[in-house]
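Undergrad: pasted the sequence and its predicted model underneath.
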Amino acid sequence: MRSDANLPAGAWDSDLEYCPTLTDAGRRMLARLRTHPAAPVYRNRSGNKLLAAEVAALLAHEREVMDAVIGWQPGQPPAWMSGFLRHAYAMVPHYRACGSPPARLVDVPLISRADLSQDIAAFVPDDADLARMINFHTTGTTGHPLLIASHPVVAGRYLAFHKRALHRFGVTLRHGAGQVGVMLLGHQRRCFTYVSVTPTMGESGLAKLNLHVDDWRHPDDRARYLDAMAPELIAGDPISFAELLNVPMTHRPAALMSVSMMLLPGMRSRLEQRFNCPLLDIYSLNEVGPVAVYDEAAGGHVLLQHRLYVEILDTQGKPVPDGVRGEITVTGGFNFCLPLLRYRTGDYASLAHGPHGPVLVGLAGRSPLRYRTASGAWINNIDITHALKPLAIALFGVHQQHDGTIVLRLAAGAMAQAQQARDLLAPFFGDVTVEVLLAEDKIIQYTSDLQEALA
């Protein structure tokens with residue numbers, strides 16, 4: 001066992017502060033996560049912060065989520081919408097200042113991340129429990145750093161939507177007391193890391209850890225620790241999963257879950273083959289939570305939230321017909337500290353309706369961009385994404401310079417695929433320059449110096 005000297009300051013004294021319903025079994029789980037001989041450095045403290053009544057409410061909410069049918073049609077907001085509008089216009093300062101709620105959702109003014117960034121307090125309802133509120137920062141890639149208003153119950157609700165996504169692929173989470181349920185992976189030089197328990201899963205263990213070697217006494221400890229903890233679900237982003245492929249662990253989780261960034265099919269295939277389990281690609285936003293999960297059989301990302309309505313808007317903010325690409329705009333959600341009306345996400349897709357319910361087709365983060373080919377024609381950045389699909393890479397950036405030349409930036413670990421990448425882009429651009437991508441965190445994947453690129 002590792003010495004108590006390796007634990008965060010005051011670990012044993014403050015566990016109840018972070019996990020109010022903690023039992024002796026939960027304490028033993030936290031000790032196991034922290035003191036295993038191969039454990040990493042856990043640099044921070046966090047926890048579920050849930051009270052007993054809130055745990056019971058979350059279990060009821062999970063049943064509601066799992067049983068819900070999402071079947072609304074475009075231009076026909078669901079039945080809950082009218083009540084949601086009345087509440088927002090009565091209780092949220094920003095909307096109350098707009099007067100009475102309009103009869104139609106399309107008449108509600110649009111908002112964006114810039115509005116939230118300017119004054120987040122104006123979007124928090126008057127009846128929000130400020131004493132229990134959680135506030136966290138997100139940097140994003142849009143130039144608008146954002147403070148998010150949340151609550152322990154809101155954070156606890158994520159699990160229900162993840163379970164709904166997993167159920168779609170035949171996976172039911174079963175780990176409970178004495179087992180590690182979820183491991184959240186990062187791979188950054190500086191990463192927020194902690195251990196906790198999940199009270200709605202019998203206090204199964206939860207850990208956020210950093211795969212960067214600087215957070216471990218020995219690089220080989222990463223495999224030893226993951227094998228010893230045997231998490232049922234491993235979640236991360238393409239960057240951390242690319243590093244996970246370098247970790248010689250033998251444990252096979254029930255599923256992998258990718259969030260935060262676009263996942264190329266080549267990387268998905270490598271991970272599913274290596275771990276012999278499904279990999280779920282979740283479209284999730286800090287402002288909204290888990291929105292949708294990719295399902296090839298459905299042709300895109302299937303919506304997960306039964307109280308979230310999605311519009312697809314053009315550049316003038318007008319709804320577009322099914323099948324036409326536009327900006328994903330959402331109303332509703334499960335964060336009662338931040339009820340959103342017609343929030344422009346900055347992400348793009350088209351919408352389809354069928355046996356799987358509403359489906360986001362061709363999802364792409366951030367504004368669509370055009371690239372000028374060697375022949376002078378223009379192609380969409382989605383065409384580049386499709387061209388690079390065979391590559392098993394976690395992160396890339398494509399930049400077009402003033403003279404039309406293309407610079408493709410790959411993470412250092414993916415440079416072995418540089419020539420293949422050149423070959424895949426050559427039909428569009430001819431010769432392509434490949435450079436090492438220095439950023440370890442989120443980047444804007446598609447950029448251009450050409451003014452016409454934003455047409």
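TA: Done, it's in.
Undergrad: confidence score at the nearest residue to residue 324 once chain neighbours are set aside?
TA: Sequence neighbours aside, residue 350 is the residue nearest to residue 324 in space, at 5.7 Å (criterion: Cβ to Cβ, 6 or more residues apart in numbering). Yep, even glycine has a C-beta here, placed from its N, CA and C like the rest. If you check residue 350, the pLDDT there is 96.
Undergrad: return the residues in contact with residue 350.
TA: For residue 350, the contacting residues are 312, 320, 322, 323, 324, 325, 326, 360, 361, 362, by Cβ atoms under 8 Å, 6 or more residues apart in numbering.
Undergrad: same question, residue 164
TA: 65, 66, 304.
Undergrad: write a ChimeraX command that selects only the buried members of the contacts of residue 350.
TA: To isolate the buried ones among the contacts of residue 350 in ChimeraX, judged by 16 or more other Cβ atoms under 10 Å, type:
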select :312,320,325,326,360,361,362
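Undergrad: closest to residue 376 out of the contacts of residue 350?
TA: Residue 376 lies nearest to residue 325 out of the contacts of residue 350, by Cβ to Cβ, at 23.3 Å.
Undergrad: ok so, going back, quick check, nearest of the contacts of residue 350 to residue 226?
TA: Of all the contacts of residue 350, the one with the least separation from residue 226 (Cβ to Cβ) is residue 360, at 32.4 Å.
Undergrad: how close does that closest one get to residue 98?
TA: 28 Å (Cβ to Cβ, to the nearest Å).
Undergrad: residue 34: helix or strand, and which one exactly?
TA: Taking DSSP states H and E as the definition, one finds residue 34 inside helix 24-35.
Undergrad: coming back round to it: tell me which element the residue nearest to residue 324 falls in.
TA: Using DSSP H and E, residue 350 falls in strand 340-354.
Undergrad: now swap in residue 272 and tell me
TA: With DSSP H and E as criterion, residue 272 is part of helix 265-275.
Undergrad: show me which residues of that helix are buried.
TA: Neighbour-count burial for helix 265-275, with 16+ other Cβ under 10 Å as criterion, is recorded at 265, 266, 267, 268, 270, 271, 275.
Undergrad: what about the strands in the stretch 101-250 of the chain?
TA: In the stretch 101-250 of the chain, the strands defined using DSSP state E, counting those that start in this stretch lie at 111-112, 134-138, 146-150, 180-186, 194-198, 204-210, 233-236.
Undergrad: okay, now the unreliable bits of the protein?
TA: 1-13, 138-145, 260-262, 365-368, 382, 394, 439-444, 454-455 (pLDDT under 70).
Undergrad: where along it do the helices fall?
TA: Assigned by DSSP state H, the helices in the chain fall at 11-18, 24-35, 52-67, 81-91, 93-96, 113-118, 152-168, 221-229, 238-244, 265-275, 381-387, 418-429.
Undergrad: may I see the buried residues of the last one?
TA: With burial defined by 16+ other Cβ under 10 Å, the residues of helix 418-429 counted as buried are 418, 420, 421, 422, 424, 425, 428, 429.
Undergrad: same check, this time on the fifth one
TA: For helix 93-96, the buried set under the neighbour-count rule, 16+ other Cβ under 10 Å, comprises 94, 95, 96.
Undergrad: just the closest of the residues you listed to residue 437, please.
TA: Using Cβ to Cβ, the buried residues of helix 93-96 come closest to residue 437 at residue 94, 38.4 Å.
Undergrad: ok, how many other residues are close to the nearest residue to the closest one once chain neighbours are set aside?
TA: Using Cβ to Cβ, 6+ apart and skipping the chain neighbours, the partner closest in space to residue 94 is residue 122 (4.1 Å). Per other Cβ atoms under 10 Å, the neighbour tally for residue 122 reads 14.
Undergrad: kindly report the domain assignment for this protein.
TA: Domain ranges of the chain: 4-64+172-277, 68-155+283-364, 370-454, per automatic domain parsing.
Undergrad: re earlier: which of the contacts of residue 164 count as buried?
TA: 65, 304.
Undergrad: quick check, nearest of the contacts of residue 164 to residue 290?
TA: Checking the contacts of residue 164 against residue 290 by Cβ to Cβ gives residue 304 as the nearest, at 5.4 Å.
Undergrad: residue contacts, that closest one?
TA: Residue 304 neighbours (Cβ under 8 Å, 6+ apart): 161, 164, 165, 290, 291, 292, 293.
Undergrad: can we see that at 10 Å?
TA: Residue 304 makes contact with 65, 68, 70, 160-165, 168, 282-284, 289-293, 357 under the criterion Cβ atoms under 10 Å, 6 or more residues apart in numbering.
Undergrad: just the buried subset of those, please.
TA: Taking 16+ other Cβ under 10 Å as the criterion, what is buried in the contacts of residue 304 is 65, 70, 160-165, 168, 282-284, 289-293, 357.
Undergrad: who are the contact partners of the closest residue to residue 225 other than its chain neighbours?
TA: Of all residues not flanking residue 225 in the chain, residue 38 sits nearest, at 4.2 Å (Cβ to Cβ, 6+ apart). Shown in contact with residue 38 (Cβ under 10 Å, 6+ apart): 2, 216-218, 220-229.
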